[in-house]
Each structure stands twice: as structure tokens, then as C-alpha cells.
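Colleague: Got a predicted structure here, sequence first:
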Amino acid sequence: MNLLPPDAIKFELEGTTVDFFKYEEEGCLYYYFDTSMTTAPEPMINAMAGLGLLDGVNKKLVMINHKVPGGLFGKIGNNFGHDIQELEDGRAKVVFWFLEEESDKSDLTQTSCG
């Protein structure tokens with residue numbers, strides 16, 4: 001199941017281990033990555049790098065993972081908004097967004113799962 005729109009553009013993001021893409025939809029810039037085929041700590045590493053791209057309300061991060069990344073939520077607390085969707089194939093799609101006066105408080109260097 002391909003969730004990327006056809007106009008998505010692959011780009012390099014330092015410190016990541018999977019491909020990242022970006023695309024625009026309804027005036028919002030989306031960053032997208034898929035860690036559903038990786039194991040810990042790769043989902044955390046890539047999510048933290050991707051969250052670092054969110055510096056305003058017009059940007060969102062889409063994470064596809066083999067399950068809901070509970071450990072990640074523990075790391076970022078309430079500093080980012082998020083919506084979780086279970087996909088038909090059992091994977092989880094999480095969309096994160098920037099929260100004014102909150103997202104800047106996250107320590108995105110904490111990439112270990114423990």
C-alpha cells in the first residue's frame with residue numbers, strides 16, 4: 001500500500017536511516033518516512049530527526065511504523081500534536097504537527113528507546 005502522493009520528492013536528512021520525502025497538500029508542507037520494516041532504535045532516530053523539521057504550524061510529519069510508537073510519545077510528551085491511524089495492513093500512520101510554545105521544548109537529541 002503506497003501512501004505517498006505521486007508528486008512527493010525524496011530528500012536527504014542528516015542522521016536518518018530511511019528515505020524521507022516531502023510534498024505539499026492544501027497549503028501545508030508534509031514530511032514523510034516509513035520505518036515499518038526497521039527495528040529499534042531506527043523508528044525513534046528517524047522520528048526525532050523528522051520532528052526537528054517542524055518549525056511552524058504549516059508543516060507536518062507523517063510516520064509509517066509497524067506499530068504505534070509508544071516510546072516516542074514518552075520522549076516528546078505533549079510538545080507535538082499527533083493523530084494515530086491504524087492502516088488496513090496493521091501498520092500505524094502517525095501524523096505530527098507543531099504546537100506553538102510547546103514544540104520548541106522537546107529534546108530531540110534523545111534517540112534511544114530506553
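Modeller: Noted; the coordinates are in hand. Numbering: from 1, shown residues only.

Colleague: Setting aside sequence-adjacent positions, which residue approaches residue 100 most closely?
Modeller: residue 57 (6.9 Å; CB to CB, 6 or more residues apart in numbering). For glycine as for every other residue, the C-beta is placed from the backbone atoms N, C-alpha and C.

Colleague: how many neighbours does that neighbour have?
Modeller: For residue 57, the neighbour count with other CB atoms under 10 Å is 13.

Colleague: where are the low-confidence patches of this protein?
Modeller: Counting by pLDDT under 70, the chain shows low-confidence ranges at 1, 113-114.

Colleague: Quick one: the strands in it, in order.
Modeller: 9-11, 20-25, 28-34, 59-65, 80-86, 92-98 (DSSP state E).

Colleague: Kindly provide the distance from the residue nearest to residue 100 to residue 81.
Modeller: Using CB to CB, to the nearest Å, we find residue 57 at a distance of 10 Å from residue 81.

Colleague: okay, and the common contacts of the two?
Modeller: 97-98 (CB atoms under 8 Å, 6 or more residues apart in numbering).

Colleague: Is residue 15 in contact with residue 51, as I believe?
Modeller: No - between residue 15 and residue 51 there is no contact, the gap being 12.0 Å when judged by CB atoms under 8 Å.

Colleague: So which of the two has more stuff around it?
Modeller: More crowded of residue 15 and residue 51, by other CB under 10 Å: residue 51, with 21 against 10.
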